[in-house]
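# just the structure for this:
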Amino acid sequence: MHKVCALIPVFNHELALPAVVAQLRAAGLSCLLVDDGSSPACAAVMDALAAQPECYLLRLSSNQGKGGAVMAGLREAVRLGFSHALQVDADGQHDLQSLAGFLAAAAASPQTLICGYPQYDASVPKGRLYARYLTHVWVWVNSLSLRIPDSMCGFRVYPLAVTLALIDSVAIGRRMDFDTEVLVRLSWLNQPMHWLPIRVRYPADGLSHFRLLHDNALISKMHAKLFFGMLLRAPLILWRRWR
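Below is the predicted model of the structure:
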């Protein structure tokens, strides 16, 4: 059974979150909010949203980081009976006018991971934009292919069974490194992926949790880990693709 929910990791985005949820609910999607150790003010907003029909709340006891919140949400989505989860950022940066295309693509090919390819406007921080290009190169090296044009956009529809099988079998980064690492590791398994454009703006409430030095250092460490992992797995990765 094909059943999709929207999965929204939340850490102190109480200003933008209600509008994000309203757009997703208007599209007919159930929403799963993951409270990643938010402030009391943000927690109160989530409590009010979770009182609505088809809006669920998973509250984590402490901040786990974006990746930790997403992974907890993926497991909760399965428990609630969903087969797929659309990951959406809580800050309103994703243009949900593109939502229908992502859902249609997931319905047409349920085993495929549908990924957003970001189209930025002038609001994107230039430092983050340029740093993405370095990550693109490392992703192409570590995945032994050019099939991942952008690994850092957190707007994607996960087939839950295959994604949970991966994250339950290996330790994946729990913070801003999650989005990239999970795609590279799924590519090693020859997971089908399809890319669709998504307009991105930064952010609706002026709050970003990306820490330039700390998170870039974390991402660099992840690339190094993936590189040596790729070297060990290269024959198997290439054999899977040839087969």
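# alpha carbons only for contacts and neighbour counts from here, please
OK.
# just the buried positions in the helix or strand containing residue 44, please.
Take DSSP states H and E as the rule and residue 44 turns out to sit in helix 40-50. Judged by neighbour count (16 or more other C-alpha atoms under 10 Å), helix 40-50 contains these buried residues: 42-43, 45-47, 49-50.
# could I get those as TSV with distance to residue 102 and pLDDT?
Listed next are the buried residues of helix 40-50 as TSV, based on distance: C-alpha to C-alpha, whole Å; pLDDT from 0 to 100:
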residue	distance to residue 102	pLDDT
42	28	96
43	29	96
45	27	97
46	25	97
47	28	97
49	24	97
50	24	96
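# surely residue 11 meets residue 37?
Yes - Residue 11 is within contact range of residue 37, at 6.5 Å (criterion: C-alpha atoms under 8 Å).
# check which helices and strands the biggest helix by length in the chain sits against.
The longest helix of the chain (DSSP state H) is helix 212-242. On a contact count with 3 or more C-alpha pairs under 8 Å, 6 or more residues apart in numbering; DSSP states H and E, helix 212-242 meets helix 126-143, helix 178-188.
# that one: how far from the chain's middle?
Once both centres are worked out by C-alpha atoms, centre = their mean, to the nearest Å, helix 212-242 turns out to sit 18 Å from its chain's centre.
# averaged pLDDT, that helix. What do you get?
On average, the pLDDT along helix 212-242 is 80.
# tell me the buried residues in that helix?
Judged by neighbour count (16+ other C-alpha under 10 Å), helix 212-242 contains these buried residues: 216, 219-220, 222-223, 226-227, 230, 234, 237.
# what of stretch 25-32?
Those would be 25, 29-32, for stretch 25-32 by 16+ other C-alpha under 10 Å.
# columns secondary structure and distance to residue 82 on top of those, output as TSV?
Converted to TSV, the buried residues of stretch 25-32 look like this (DSSP: H, G, I helix; E, B strand; the rest coil; distance: C-alpha to C-alpha, whole Å):
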residue	secondary structure	distance to residue 82
25	helix	16
29	coil	11
30	strand	10
31	strand	11
32	strand	11
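# now those as JSON lines including pLDDT and distance to residue 161?
Formatted as JSON lines, the buried residues of stretch 25-32 follow (pLDDT from 0 to 100; distance: C-alpha to C-alpha, whole Å):
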{"residue": "25", "pLDDT": "96", "distance to residue 161": "24"}
{"residue": "29", "pLDDT": "96", "distance to residue 161": "19"}
{"residue": "30", "pLDDT": "97", "distance to residue 161": "19"}
{"residue": "31", "pLDDT": "98", "distance to residue 161": "19"}
{"residue": "32", "pLDDT": "98", "distance to residue 161": "17"}
